[in-house]
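[1] dropping a prediction and its sequence here:
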Amino acid sequence: MKQFFSDGIFLVAKFIKKKITYILFMKIETFELERRQSLWENFVDYNLTESGIHPFTLEELLNLDQLEELFNIRIGYGQTNGSIGLRDAISNLYPTSSIDNILVTNGSAEANFISIWSILEKDEDYVVMLPNYMQTWGLAQSFGTNVRPFYLKEELNWQPDLDELKDAITSNTKMISVCNPNNPTGSILNGEAMNCIIDLAQDVDAFIHSDEVYRGAELDGKEIETFYGKYDKVIAVAGLSKAYSLPGLRMGWIVAPEDIAAKAWAYHDYTTISPCVLSQQIAEWALQNDKREMILTRNRKILNENLEFFLDWVETRKHLFSFIPQKAGAMSFVRYNLDINSTELTEQLRKEKSLLIVAGDCFGMDGYLRIGIGSEKDYLLKGLERFAELLEELIDS
Ligand SMILES: Cc1ncc(COP(=O)(O)O)c(C=O)c1O
């Protein structure tokens, strides 16, 4: 009887432990930004949630010989860390790297996931720049790490508060994570901030994880420096979804020290095994110097033209909005002066005007909206007309 009783307690304790472990380590925060996009982006008349630029068609991107070459590719698994040709093309973007520093992934989302999953352990400190894309912020929490944010401040022109950053670092800091150029503000870290991040990481021997997927989409055409090569524990992430406007290829990558790239590859065996061979071939062509130049020039033109239009749109409503224009990327992060919560406002826009934009709430920043300006101009114009209609109705009511 006594034995039966103690066995019972043991089983109950085991059950509770399993439940607590599940709650602590498996429960994920809803990824609000992606969830709302996934639910609604294909069911509205105007989707201005995109942070990327109007995508290419294969016909616009490739010549006939290349298209024919695609027909003949055998659709196998390929080299699972990425073909040599593609890794070579990627490593050309990072002067101090070789193909052994590169892991090709399915989108930079997978590259971010593997960077966090393969490096961070429970109870270690993860210092992260906010606002941010929020993927690694959410993931790091689900892995049981201590997430310690530091903030980009509007009053600092969306540069980080370096004192706050210093305060966030401890001897337990395993990784400092930045998004540069930043999503959602489109800001670019200045030299002082970059150096400070490197010095602080060095002091505590932490990794720097730098999501640079918007690098190449600078409006002034001056490509920013990567963190890679500035310190020996940098994991840089990028891909073709944003600056190159090829999100459907799902091409991303990690550039890291050789041992870290090898470790990430072993983790990749557990996620998607390999990137798509067709996408890899197209990516390799897209990264050839002349093609790359063509893509980035086309995109910069779209961004600059649309931003000029958007600035006028905001200017005529300057009593309602304040806005620091982005330095890179298609996202315009505006503060609004209306007495309504950002999620409520975007829901109203979706339901009443069939227009989707991103609420500041998705970044923990109510009072702001992220508006994608990378679409074709006419589409952007019509989407903003719908927004203007609702604004007038709200003011009249
Ligand atoms: C900063 C940042 N990183 C990563 C991603 C994921 O992009 P993808 O997986 O399409 O390359 C996004 C998507 O919006 C992003 O904004």
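    That came in fine, so what should we check first? As the structure is a prediction and not an experimental result, all values here were calculated from the model.
[2] now do the same contact list for the closest residue to the ligand within the stretch 101-250 of the chain.
    Across the stretch 101-250 of the chain, the shortest distance to the ligand (Cβ to the nearest ligand atom) belongs to Gly107, at 2.6 Å. The way it works is simple: take the backbone N, C-alpha and C, and place the C-beta from them, glycine included. Listed by Cβ atoms under 8 Å, 6 or more residues apart in numbering, the contact partners of Gly107 are 239, 241, 247, 250-252.
[3] and it, what pLDDT?
    Model confidence at Gly107, given as pLDDT, is 98.
[4] my guess is Val277 contacts Gly78, does it?
    Yes: when contacts are counted by Cβ atoms under 8 Å, Val277 is listed as touching Gly78 (4.2 Å).
[5] between those two, who's got more neighbours?
    Gly78 (20 against 17; other Cβ atoms under 10 Å).
[6] where does the chain dip in pLDDT?
    Across the chain, the ranges flagged by pLDDT under 70 are 1-26.
[7] kindly report the residues of it close to the ligand.
    51, 107-109, 112, 133, 179, 183, 211, 213, 239, 241, 247, 252 (Cβ under 6 Å from any ligand atom).
[8] among those residues, which are in strands?
    Within those, residues falling in strands by DSSP state E are 179, 211, 239, 252.
[9] will you turn these into CSV that also has neighbour count?
    Converted to CSV, those look like this (neighbours: other Cβ atoms under 10 Å):
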residue, neighbour count
Cys179, 29
Asp211, 29
Gly239, 29
Gly252, 26
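[10] can you tell me which of those is nearest Gly360?
    Nearest to Gly360 among these: Cys179, at 16.2 Å, using Cβ to Cβ.
[11] wait, that closest one touches Gln135, no?
    No: here Cys179 lies out of contact with Gln135, judged by Cβ under 8 Å, at a distance of 9.5 Å.
[12] out of the contacts of Gly107, which is nearest to Thr170?
    Gly252 (30.3 Å).
[13] contacts only, for that closest one.
    Taking Cβ under 8 Å, 6+ apart as the test, what Gly252 contacts is 104-111, 213, 237-241.
[14] please redo it, this time with the cut-off set to 10 Å
    Residues in contact with Gly252 (Cβ atoms under 10 Å, 6 or more residues apart in numbering) are 103-114, 211, 213, 237-241, 275, 283.
[15] got it, and Asn183?
    Contact analysis of Asn183 by Cβ under 10 Å, 6+ apart lists 33, 51, 131-135, 211, 213-214, 242, 326, 328-329, 331, 333, 363, 370.
[16] now Met251
    Here Met251 is in contact with 82, 86, 90, 104-108, 111, 238-241, 244, 275-276, 279-280, 282-284, 286-287 (Cβ under 10 Å, 6+ apart).
[17] can you tell me the distance between the two ends of stretch 202-219?
    Using Cα to Cα, to the nearest Å, one end of stretch 202-219 lies 31 Å from the other.
[18] and what of stretch 27-38?
    End to end - Cα to Cα - stretch 27-38 spans 20 Å.
[19] so which bits of it are buried?
    Neighbour counts over stretch 27-38 (16 or more other Cβ atoms under 10 Å) mark 31-34, 36-37 as buried.
[20] again, but for stretch 68-81
    Under 16+ other Cβ under 10 Å, the buried positions of stretch 68-81 are 78-79, 81.
[21] same question for stretch 178-192.
    Buried-residue list, stretch 178-192, by 16+ other Cβ under 10 Å: 178-189.
[22] pull the most distant pair out of those residues.
    Pro184 and Leu189 (15.0 Å).
[23] could you list every residue that touches the nearest residue to Arg148 once chain neighbours are set aside?
    Nearest residue to Arg148 in three dimensions, chain neighbours excluded: Ala168, at 4.4 Å (Cβ to Cβ, 6 or more residues apart in numbering). Contacts for Ala168 (Cβ under 10 Å, 6+ apart) come out as 125-129, 147-151, 161, 176, 200.
[24] next up, phi/psi of the residue nearest to the spatial centre of the chain, please.
    Compute the mean C-alpha point of the chain, and by Cα atoms, centre = their mean the closest residue is Tyr133, 4.8 Å away. Torsion angles at Tyr133 (phi, psi; degrees, to the nearest 10) stand at phi -60, psi -20.
[25] domain parsing for the chain?
    32-55+292-390, 76-289 (automatic domain parsing).
[26] out of these, the one nearest Leu62 is which?
    domain 76-289 (6.6 Å).
[27] doesn't Thr80 lie inside a helix?
    No: counting by DSSP: H, G, I helix; E, B strand; the rest coil, Thr80 is not found in a helix; it is coil.
[28] how close does it sit to the ligand?
    18 Å (Cβ to the nearest ligand atom, to the nearest Å).
[29] and the helices in the protein, which stretches?
    2-25, 32-40, 58-61, 64-71, 84-91, 107-119, 135-142, 162-168, 191-204, 258-268, 277-286, 289-315, 342-353, 377-396 (DSSP state H).
[30] what's the angle between the fourth one and helix 277-286?
    Note on geometry: by axes from the mean of the first three to the mean of the last three Cα atoms, to 10 degrees, helix 64-71 and helix 277-286 are set 160 degrees apart in direction.
[31] what's in contact with helix 64-71?
    58-59, 61-63, 277-278, 281-282, 285, 291.
[32] for Ser322, state which of those residues is nearest.
    When these are compared against Ser322 (criterion: Cβ to Cβ), the nearest one is Leu61, at 37.9 Å.
[33] surely the closest one meets Met294?
    Yes: counting by Cβ atoms under 10 Å, Leu61 touches Met294, with 8.8 Å between them.
[34] who touches both of these two?
    Ala286.
[35] pull the distance from stretch 107-123 to the chain's centre.
    13 Å (Cα atoms, centre = their mean, to the nearest Å).
[36] I meant stretch 193-207, not that one.
    Worked out by Cα atoms, centre = their mean, stretch 193-207 lies 21 Å from the chain centre.
[37] and that stretch, what's buried?
    Buried, per 16+ other Cβ under 10 Å, within stretch 193-207: 193-194, 196-198, 200-201, 206-207.
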